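*Asks:* generate a structure from the sequence data that follows.
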Amino acid sequence: MADLHFLANPARFRRFSQRVLPGLTLATVLSFAVGLYLALLQSPPDYQQGETVRIMFVHVPSAWLSMAGYALLAVLGASLLVWRHPLAALMARATAPVGACFALVCLLTGSLWGRPMWGTYWVWDARLTSMLLLFFLYLGHIALSRAYDDPDRGDRAAAILALVGVINLPIIKFSVDWWNTLHQPASITRLDAPAIHPAILMPLLWMAGSFLLLFIVLVLVRTETEIDRRRLEIADQSA
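*Replies:* Residues are numbered from 1 along each chain as shown. Take a look at the predicted model:
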């Protein structure tokens, strides 16, 4: 907690980010190189889905990261509203567009997978609809944070939306269990054992780790940008 409180200072966070970003960026590139080789060349086609299963190597990590990103938004929103951490609002502004991109990639790749599997690009399935709602929540957060002349008011309004919208995360996760949906049920986080062959599961988990590294890198870069932008705004107001 002490380290997190230390990094709550934007200037300290920026120095920390600049130190770790080169190594993280290199790790991300290398991880994706290995992951794409495993996913596209080494892993076998699925016995039912054929080569279409390879869409999963992008679709599933994007879904996980879009949900994790929104959970991060909620934590940052609580930090802003309760503890008023100076970095929370800036990191939330940085995280929302990144999370929205992951949600959009999830929706697009899901549609590409749905066409050959379901015969249609879109159905108003519980999982698909709740994921679409998550994308709109991201867009709402982005819009609210920039809707006021006073940035602090916009950040607080966006933080409230993030906390209210977090209820959608368990709906996304458990929608396939609560309702009769076209979307396949959980096959990785099952209590007994994953229902995916290890030859496909391991590349999927590797790609998920690669996407996680990419998410961290993008959030760090965008947070640095938000810190610089806020400094310029303060400087212009003081001039």
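
*Asks:* show me the longest helix that occurs in this structure.
*Replies:* Using DSSP state H to define each element, the chain has its longest helix at helix 198-238.

*Asks:* distance from that helix to the middle of the chain?
*Replies:* Chain-centre distance of helix 198-238: 10 Å, with CA atoms, centre = their mean, to the nearest Å.

*Asks:* what about the residue nearest to Leu220 when sequence neighbours are not counted, neighbour count?
*Replies:* Spatially, and ignoring its direct neighbours in sequence, Leu220 is nearest to Ser17 (4.7 Å; CB to CB, 6 or more residues apart in numbering). Using the backbone N, CA and C atoms, a C-beta is placed for each residue, glycine as well. Ser17 has 18 neighbours, counted by other CB atoms under 10 Å.

*Asks:* can you check Ser111 too?
*Replies:* Counted with other CB under 10 Å, residues neighbouring Ser111 total 17.

*Asks:* same question, Tyr47
*Replies:* Tyr47: 8 neighbours (other CB under 10 Å).

*Asks:* mind listing the helices for the chain?
*Replies:* Listed in chain order, the helices of the chain (DSSP H) span 2-7, 10-37, 56-78, 86-118, 126-145, 151-165, 168-178, 198-238.

*Asks:* sorry, back to before: the residue nearest to Leu220 contacts Thr225, correct?
*Replies:* No - taking contacts as CB atoms under 8 Å, Ser17 lies outside contact range of Thr225: 10.6 Å.

*Asks:* give me the nearest residue to Ile142, chain neighbours excluded.
*Replies:* Nearest non-adjacent residue to Ile142, counting by CB to CB, 6+ apart: Ala96, 4.9 Å away.

*Asks:* from Leu205, how far off is that neighbour?
*Replies:* 26 Å (CB to CB, to the nearest Å).

*Asks:* same thing with Gly35?
*Replies:* In terms of CB to CB, Gly35 sits 9 Å off from Leu205.

*Asks:* may I see the buried residues of stretch 216-228?
*Replies:* 216-224, 226-227 (16 or more other CB atoms under 10 Å).

*Asks:* can you tell me what sits against stretch 91-103?
*Replies:* Here stretch 91-103 makes contact (CB atoms under 8 Å, 6 or more residues apart in numbering) with 62-63, 65-66, 69-70, 72-73, 76-77, 80, 131, 134-135, 138-139, 141-142, 145, 155, 158-159, 162, 211, 215, 218-219, 222-223, 225-226.

*Asks:* what comes into contact with stretch 17-27?
*Replies:* Contacts for stretch 17-27 (CB under 8 Å, 6+ apart): 213, 216-217, 220-221, 223-224.

*Asks:* list just the nearest of those to Asn9.
*Replies:* Nearest to Asn9 among the contacts of stretch 17-27: Thr223, at 12.6 Å, using CB to CB.

*Asks:* just to check, the closest one is in contact with Phe16?
*Replies:* No - counting by CB under 8 Å, Thr223 stays clear of Phe16, with 10.5 Å between them.

*Asks:* between Gly35 and Leu205, which one's more packed in?
*Replies:* Comparing Gly35 with Leu205 by other CB under 10 Å, the one with more neighbours is Gly35, at 22 against 18.

*Asks:* Pro22: neighbour count?
*Replies:* Pro22 has 9 neighbours, counted by other CB under 10 Å.

*Asks:* which non-adjacent residue is nearest Ile216?
*Replies:* With sequence-adjacent residues excluded and distances taken as CB to CB, 6+ apart, Ile216 is closest to Leu24, at 6.3 Å.

*Asks:* that neighbour and Leu212, how far apart?
*Replies:* For Leu24, the distance to Leu212 - CB to CB - is 11 Å.

*Asks:* before I go, just wanted to say thanks for your time.
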